[in-house]
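1. Can you look at this prediction? I've put the sequence above it.
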Amino acid sequence: MASDSSRKSSLKPSSRKSFLFPSVVIVIVGIIVALTYQSKLKPPQPKLCGSSSGPPITAPRIKLQDGRYLAYKEHGLPREKANRKIVFIHGSDCCRHDAVFATLLSPDLVEELGVYMVSFDRPGYCESDPHPSRTPRSLVSDIEELDDQLSLGSKFYVIGKSMGGQAAWGCLNLKYIPHRLAGVTLVAPVVNYYWRNLPLNVSTEGFNFQQKRDQWAVRVAHYAPWLIYWWNTQKWFPGSSIANRDSLLSQSDRDIISKRGYTRKPHWAEVRQQGIHESINRDMIVGFGNWEFDPLDLDNPFLNNEGFVHLWQGDEDMLVPVKLQRYLAHQLPWVHYHEVPRSGHFFHFTKGVVDNIVTTLLTTDTDTIRQ
Ligand SMILES: *[C@@H]1O[C@H](CO)[C@@H](O)[C@H](O)[C@H]1NC(C)=O
């Protein structure tokens, strides 16, 4: 307990993480840019789906309490037939169509395990309305409302991939909705270098593991979010690699992508159809911003083993540093950590992996968990 409280009383993030920061540089660059490019700083209004100049609405959508619409897509067995319901949270630059944990799941397993899955467009993506004030917590509320409106029942499973980790970690926060969780799987969830309980040496190592261009984009998203639209759209120097669809990937990821060919293409344009700012940029601002909580402070929501939390991570992931994930797994012993050897960020596209991940989430009991 003593060590716990000293851990929690660490210094303010701004002073402690100043290394990540050259905030002075960013402010100076920001002022120069602001004076020179005033008109280019402000992102254009998002093109709302269904508005006169916006894209058409093709997906079913629910209306949330605050008036926003959330688009979703259902997979697997019909709701009323399924006995296991999963909510899937997509990563950056993806949408409800990227629910690979449903689309690559073998039909036999869908039947055998009685699986229903719903994926949704996170705010600002594809056909969901933007939510400029979104946070990890508000994403959890969106999920809860989706669950209620679709009458999925009192308990559901959650799978969060990559940037979807911001909401998946939120679901694990005891103060939000864990009484509704049956189990949670995080797949290569993005680690926020600014979580205040990450020791300086660990977060520095993870931060420096990124490409230089992404180090800068992350700093801007954190310290000067008002500059990130310009940063990611200007052509003078490279902005975020995700925003520019130009990320450095491991050989294993490149092999997977070249084998899969153009299967993502049908909805590639839809992902950012409302604009880059409330989708990709907002993900960065939220993902690397100051969170309402720190995952390292979380307690196991399943004290009686009534559910489990799994974290899967490839050891050659070039987007999410494996070392940070190992640190997290070590600090949170109730998270069942599965490190996949010789694998990158997209290892779940390898044949059989989705079956393994979903089966593990839905069928683990105390006997099958080691330790
Ligand atoms: C960080 O520092 C601690 C304490 O000095 C040390 O035990 C740990 O191995 C270091 N971790 C890394 C990743 O350098």
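-> That came through fine.
2. Now I285: closest residue in space, sequence neighbours ignored.
-> P225 (4.5 Å; C-beta to C-beta, 6 or more residues apart in numbering). Any C-beta I mention is one placed from the backbone N, CA and C, and that applies to glycine too.
3. Give me the distance between the residue of the chain found nearest the ligand and K323.
-> Distances between the chain and the ligand by C-beta to the nearest ligand atom are smallest at N201, namely 3.7 Å. Going from N201 to K323 by C-beta to C-beta, to the nearest Å gives 11 Å.
4. Please identify which of the two sits among more neighbours.
-> Neighbours were counted for N201 and for K323 using other C-beta atoms under 10 Å; K323 has more, 13 against 9.
5. what sits against that one?
-> With contact taken as C-beta atoms under 8 Å, 6 or more residues apart in numbering, K323 is in contact with 202, 205-206, 209.
6. Tell me, how many residues neighbour N305?
-> 12.
7. what do you get for Y176?
-> Neighbours of Y176 under the rule other C-beta under 10 Å: 21.
8. List the contacts of stretch 154-161.
-> If you take C-beta under 8 Å, 6+ apart as the criterion, stretch 154-161 is touched by 84-91, 94, 101, 143, 147, 166-169, 171, 180-189, 348, 357-358, 361-362.
9. any idea what sits nearest K40, other than its immediate chain neighbours?
-> W230 (5.3 Å).
10. phi, psi of that neighbour?
-> phi -60, psi -40 (degrees, to the nearest 10).
11. so it touches G30, yeah?
-> No: contact criterion C-beta atoms under 8 Å: W230 and G30 do not qualify, at 9.2 Å.
12. For P321, list the residues it contacts.
-> For P321, the contact set (C-beta under 8 Å, 6+ apart) comprises 191, 205-206, 209-210.
13. who wins for most neighbours among those?
-> Neighbour max across the contacts of P321 (other C-beta under 10 Å) = V191, 25 neighbours.
14. T135: how many residues sit nearby?
-> Neighbours of T135 under the rule other C-beta under 10 Å: 18.
15. Tell me, please, where in this structure the pLDDT is lower than the cut-off.
-> By pLDDT under 70, the low-scoring segments of the chain are 1-22, 261-264, 365-371.
16. Spell out which residues of it are next to the ligand.
-> Proximity of the chain to the ligand is confined to 199, 201-202, 205 under the rule C-beta under 6 Å from any ligand atom.
17. Return the subset of the contacts of K323 lying in helices.
-> Judged by DSSP state H, the contacts of K323 include 202, 205-206, 209 as members of helices.
18. can you name the two of those that are farthest apart?
-> V202 and F209 (11.1 Å; C-beta to C-beta).
19. how distant is stretch 330-345 from the center of its chain?
-> 16 Å (C-alpha atoms, centre = their mean, to the nearest Å).
20. which residues touch that stretch?
-> Contact with stretch 330-345 is made by 162, 188, 197, 249-253, 256, 295-296, 298-300, 302, 308-320, 322, 325-326, 328-329, 347, 350, 353, 360, 364, 369, as judged by C-beta under 8 Å, 6+ apart.
21. Go ahead and build a ChimeraX selection from the buried members of these.
-> Entered in ChimeraX, the line below selects the buried ones among those, by 16 or more other C-beta atoms under 10 Å:
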select :162,188,197,249,250,252,253,256,295,296,298,300,302,308,309,310,311,312,313,314,315,316,317,318,319,320,322,325,328,329,347,350,353,360,364
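22. Next step: the contacts of stretch 330-345 restricted to strands.
-> 309-314 (DSSP state E).
23. Export the residues you listed to a markdown table and append columns for distance to K175.
-> Below are those laid out as a markdown table (distance: C-beta to C-beta, whole Å):
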| residue | distance to K175 |
| --- | --- |
| V309 | 16 |
| H310 | 22 |
| L311 | 21 |
| W312 | 26 |
| Q313 | 26 |
| G314 | 31 |
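24. right, and D317 touches S250 too?
-> Yes: between D317 and S250 a contact is recorded at 7.0 Å, counting by C-beta under 8 Å.
25. For the residue nearest to I285, grab the count of nearby residues.
-> P225: 17 neighbours (other C-beta under 10 Å).
26. wait, isn't it in contact with G289?
-> Yes: in terms of C-beta under 8 Å, P225 counts as a neighbour of G289; the distance is 7.3 Å.
27. Quick one: the helices in the stretch 1-150 of the chain, in order.
-> Secondary structure of the stretch 1-150 of the chain (DSSP state H, counting those that start in this stretch): helices at 2-8, 13-16, 23-36, 38-41, 100-103, 107-113, 136-149.
28. how about a markdown table for those helices, with distance to Y157 added?
-> Compiled in a markdown table, the helices of the stretch 1-150 of the chain are given as follows (distance: least, C-beta to C-beta, whole Å):
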| stretch | distance to Y157 |
| --- | --- |
| helix 2-8 | 29 |
| helix 13-16 | 32 |
| helix 23-36 | 40 |
| helix 38-41 | 42 |
| helix 100-103 | 10 |
| helix 107-113 | 11 |
| helix 136-149 | 11 |
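29. With mean neighbour count added, can I get the ones you listed in a markdown table?
-> Below are the helices of the stretch 1-150 of the chain laid out as a markdown table (neighbours: other C-beta atoms under 10 Å):
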| stretch | mean neighbour count |
| --- | --- |
| helix 2-8 | 9 |
| helix 13-16 | 14 |
| helix 23-36 | 13 |
| helix 38-41 | 12 |
| helix 100-103 | 20 |
| helix 107-113 | 14 |
| helix 136-149 | 19 |
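30. For P266, find the nearest of the ones you listed.
-> Using C-beta to C-beta, these put helix 100-103 closest to P266, at 12.4 Å.
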